[in-house]
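Q: Test case, fold it:
(4 chains)
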Amino acid sequence: MTSIGTGYDLTNSVFSPDGRNFQVEYAVKAVENGGTSIGIRCKDGVVLAVEKIITSKLLKVGANKRIATIDRHVGAVSSGLVPDGRHFVSRARDEAASWRSTYKTPITTKDLASRMGGYLQAYTLYSSVRPFGITAIVAGWDSELELPVDGQVGSGPSIGSGGKVEGKTYGGPGLYMIEPSGMYWGYYGAATGKGRQTAKAELEKLDLAALKLSLQDGVKEAARIIYVAHADNKDKEFELEMTWISNIDGPTKGRHQEVPKDILEEAENLAKKYLEGEDDEETKDDDKPAEGDKMEE
Amino acid sequence: MNHLPQAWGRPRDDIYGAYDSSYLQSHGPNQHTQQPIVTGTSVVALKFKDGVIIAADNLASYGSLARFTDVKRLRTFADTSVVGFGGDVSDMQYLDRLLNSLDTEEAYSSSGHTLNAQNLHTYLSKVFYKRRSDFNPLWNQILVAGLDGESKPFLASADLLGTTFSSPSLATGFGAHLAQPLLRKVAPDEEAAAKLSKEQALEAVKESMKVLFYRDARSLDNYSIAVITKDGIDLKENEKLEKQSWAFADQIRGYGTQIN
Amino acid sequence: MAAMFSQNPLMNGPNYSFSQAPTTAGDGFKQHSFYPYTDNGGSTLAISGNDFSIIAGDTRSTSGYSINTRYAPKVFKIGGTTSSQDDATLVLSVVGFAADGEALKERLDTIVKMYRYQHGKPMSVKACAQRLSTILYGKRFFPYYVTAILGGLDEEGKGAVYSYDPVGSYEREQCRAAGAAASLIMPFLDNQVNFKNQYMPGSGEGHALQEREKIPLPKNEVEDLVKDAFDSAVERHIEVGDGLQILIITKDGIEEKYLPLKRD
Amino acid sequence: MEFGTSGSLNEGALADGIHVDMDRLKKGEVKTTTGAYIANRVTDKLTQVHDTIWCCRSGSAADTQAVADIVHYQLGMYATANNRPPTTQTAAAMFQELCYENKDRLSAGLIIAGWDERHGGQVYSIPLGGSLHKQSYAIGGSGSTYIYGYCDSNWKEGMDEEAAVNFVKGALREAIKWDGSSGGVIRMVVLTKKGANRHLYLPDTDYAVRHQ
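A: Below you'll find the model as predicted:
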């Protein structure tokens, strides 16, 4: 880590001789000691989950939400400085609302990620501001239906329009992760925060690219991965918060909503059982992990 | 020759004459005085035991021309309320978009939907009143039907001036003159409305739509109707008017003596 | 509908809400523009007594010849700390253009609530009266098209009634009728509350004739006067009827009564 | 004030099993008049706002040109910024925003028709007040009042390109016949996956032959 003591790391926007913006790298440090948050892209929906470290016994269980609704079909979660996360959410909501007022149609997850990436990147160009201390995961479901213009009346021919290009599908799940530098990519599975390494390892095992994982299983996997990732944070209590977005035929009908209590608890119990299974794996026979595997396919 | 910068690149007044700025608006508040162009006619609604029934035909007129016959003038909000729009269709569409953003803001809070029909009515009436006070009105009269804070049937009206009122039965436009008397026979007051069955209420509303089709020259025999109860909204958007009676026409003859 | 009758002098009574002055064709073409007002009819009345004030209003709302609803209250409790306004001490009645009335009520209620938070005590009727005047005059050039009446108890616990014109000129009075049937009710009040044109029989000839002695009226008598006033107004004015809302302010609080009126 | 008729139509065809790439046919009548004098007897009121999104202008020429120019710019920016072509909905949404927000300063009646990959052919009409109506076919301008009957009876769902062209041509011929402010050549643009394909029919051949 050359150039540490040489003053190149004191102001934002300044490049060190080896081309690094240290303020951004320090921002990533802030992200790394935040609670773990993950996103999983399933074939019929997307899941967001976060490991909320309980900082005080006085906090009301289930009250302090960290996963936010950006637009009806898009949710976002972030790890790192919570206030920066809230600012991110507020700006994302404005971007989604402004797109909707201009184009009278919901913003696609890709376009939202692009706008937020640009926004975060701006904070690395000037020394009068500091970069965002968060990495955000933005998940959405772009409608597979042909949406009318907001407010439009009338419907065109009952047999639908002619001349559509055959064989193309539209809409579907979107999962993007945006870093303090403003860099973002689309992912099948994304993880950030303290337990991101463990989480990413678990996500890779799921072979998400095959697009076989169903939303229902995705929710179970997300709970399990948060619990496994929590191992890096063993000394602190945590609370699991999960949200999901399904396609139009699924449980949330295209809208970003909290995972219902019963489904959340079921996933949590499975996750806990999985962890116990993993602890006595060395001593007992291997039926428990099999149960773990079953859950994975 | 005028060398001042303001005159650069402008046609010379002495050759082309001074600029005629009569159409430019130079005085008073920015006048938005407008008039409704594409319009919807009456909206009719009636409270009953378990909720409210609201109906409106599917016509948008362009003056006297029955131009658009597939315009749905009932809009649901958050599966709890229905807003029926009379008056200018372009303003109806603006309000539709406004309700979309209101619905999105509702989704921001994790506690989900908190706005009942009464809150929606209050919100919309203040939107109307603000626009009216800016002399840039939303040229509509709307009925908001649904349930209030205590899940009791709620029905109220709001219009371009911001005037609001609530009653067991309501009707806008022509309906205020033709439908209200019929509905008031069935539900003269809150107690009577609270005893009405869904079937009785449906009958009264459908009867009103028929009478309006007879007498309102800007109406259509194809309408939408919604029944709102605590179990949700049952919205039908392509109902055909039935049981019309025109046969008595053969008893009527025109002016002057004629053989048959 | 209204235009049909507006030319007929008989129908064109002193202050029917829908009587528009015949538009002079003189100024050439008439520019169809947006008119921000309407009149929703109805009437209100306030009488103050020794230790009480009564503010009443009918609950009918009209536009032109149509009844919008039979129940639209025009009399509001002001300045209570809860949505039920149980601990309110002031009452406002508004009549005329209902949307402006609603807006005015909301503004005054907010201001009186703020006063109570900031000063730790309810606003006096005198202070509120002046504050209402400034609110109305604030829109001097785009007025609230309502006649407002404010009721309460003064510092000595006596009934207080303040009445206003649409742009804020105000005055404390013994009693005041406002709205569509004001011209019918006010004379009745002059005679029955302030005993105008009433003389002690046989008390003298010509100028020596003694006027009837003014005595503060008891509450129940005033309530009866209010009912009679509205019953007669309903008979002769089509915009008044359906229901009578009465608020009675005493040191023990505000009592609300609702009685039916003729619905024709 | 510019007069004329314009009509456009949205069609899809499944003639005997082969799916014909159908288009949206839109055309504008060509006669512009200020009063009785015909200022331009061959005006082109078909205006392009994007590759396969066109609009028919009626009402004040200045207003509709200004609005079309703005939308043309906005759609170009959209395509560049989002590196995908705009849909007809996007164009309709932009047109409506301009016409609705300035309804008291504009006299612009517009018909927007376009083809895009996802939605195929679509027609939207925006009358004077700035409301937005999706339709199977739309007609506008001074001559349109004469052809409501013709269009209502002759329009069929699922027409192929040829039938659609004849329907539209037939409609405009009637408008030209009855409306003094409509006449001259008939211009059409056929919008399909292949792009925007102009047609021109002249009174010389009684509009029978497509002028090449």
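Q: quick one, strands of chain D?
A: D:5-10, D:24-29, D:32-34, D:37-40, D:46-50, D:53-59, D:108-116, D:120-126, D:133-135, D:137-141, D:186-192, D:195-201 (DSSP state E).
Q: The longest one - contacts with which helices or strands?
A: Okay, so that is strand D:108-116. For strand D:108-116, the elements it packs on are strand D:5-10, strand D:24-29, strand D:53-59, helix D:61-82, helix D:88-101, strand D:120-126, strand D:137-141, strand D:186-192, judged by 3 or more C-beta pairs under 8 Å, 6 or more residues apart in numbering or on different chains; DSSP states H and E. Using the backbone N, CA and C atoms, a C-beta is placed for each residue, glycine as well.
Q: hey, least reliable of the ones you listed by pLDDT?
A: Least confidently modelled of these is strand D:24-29, at a mean of 42 by mean pLDDT.
Q: Just give me the neighbour total for whichever residue of chain C sits closest to chain A.
A: Chain C approaches chain A most closely through residue C:34 (22.5 Å), counting by C-beta to the nearest C-beta. Other residues within reach of residue C:34, judged by other C-beta atoms under 10 Å in any protein chain shown, total 16.
Q: Can you check what pLDDT the model gives the residue of the stretch 151-264 of chain C found nearest chain B?
A: Chain B sits closest to residue C:263 of the stretch 151-264 of chain C, with a gap of 8.2 Å, by C-beta to the nearest C-beta. In this model, residue C:263 is scored at 96, pLDDT.
Q: I'd assumed residue C:240 was in contact with it.
A: No: in this structure residue C:263 lies outside contact range of residue C:240 using C-beta atoms under 8 Å: 11.2 Å.
Q: Give me the pLDDT for residue C:207.
A: For residue C:207, pLDDT reads 89.
Q: residues near it, how many?
A: Neighbours of residue C:207 (other C-beta under 10 Å): 5.
Q: Over to residue A:201?
A: 13.
Q: Please identify the helix or strand for it.
A: Residue A:201 is located in helix A:196-205, with elements delineated by DSSP states H and E.
Q: Now tell me what touches that helix from outside.
A: With contacts defined as C-beta atoms under 8 Å, 6 or more residues apart in numbering or on different chains, helix A:196-205 is touched by A:32, A:36, A:38, A:40, A:79, A:188-191, A:221, A:224-226, A:228-229, A:231-232, A:296.
Q: CA-only coordinates of it, as CSV, when you get a sec.
A: Extracted C-alpha coordinates of helix A:196-205, given in CSV (Å, rounded to 0.1, in the frame of the first residue of the first chain):
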residue,chain,number,x,y,z
ARG,A,196,-19.7,-11.1,1.8
GLN,A,197,-16.9,-13.7,1.2
THR,A,198,-18.8,-16.5,2.9
ALA,A,199,-22.0,-15.4,1.3
LYS,A,200,-20.5,-15.3,-2.2
ALA,A,201,-19.1,-18.8,-1.8
GLU,A,202,-22.6,-20.1,-0.9
LEU,A,203,-24.2,-18.2,-3.7
GLU,A,204,-21.8,-19.7,-6.2
LYS,A,205,-22.8,-23.2,-5.0
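Q: what pLDDT does the residue of chain D found nearest chain C get?
A: As assessed by C-beta to the nearest C-beta, chain C sits closest to residue D:104 within chain D, at 10.2 Å. On pLDDT, residue D:104 comes in at 91.
Q: Equivalent analysis for residue B:188, please.
A: So residue B:188 comes in at 97 (pLDDT).
Q: Give me the distance between it and residue C:243.
A: Using C-beta to C-beta, to the nearest Å, we find residue B:188 at a distance of 13 Å from residue C:243.
Q: out of the two, which sits in the more crowded spot?
A: residue C:243 (20 against 14).
Q: My understanding was that that one contacts residue C:67; is that so?
A: No: applying C-beta under 8 Å, one finds residue C:243 not in contact with residue C:67, separated by 11.5 Å.
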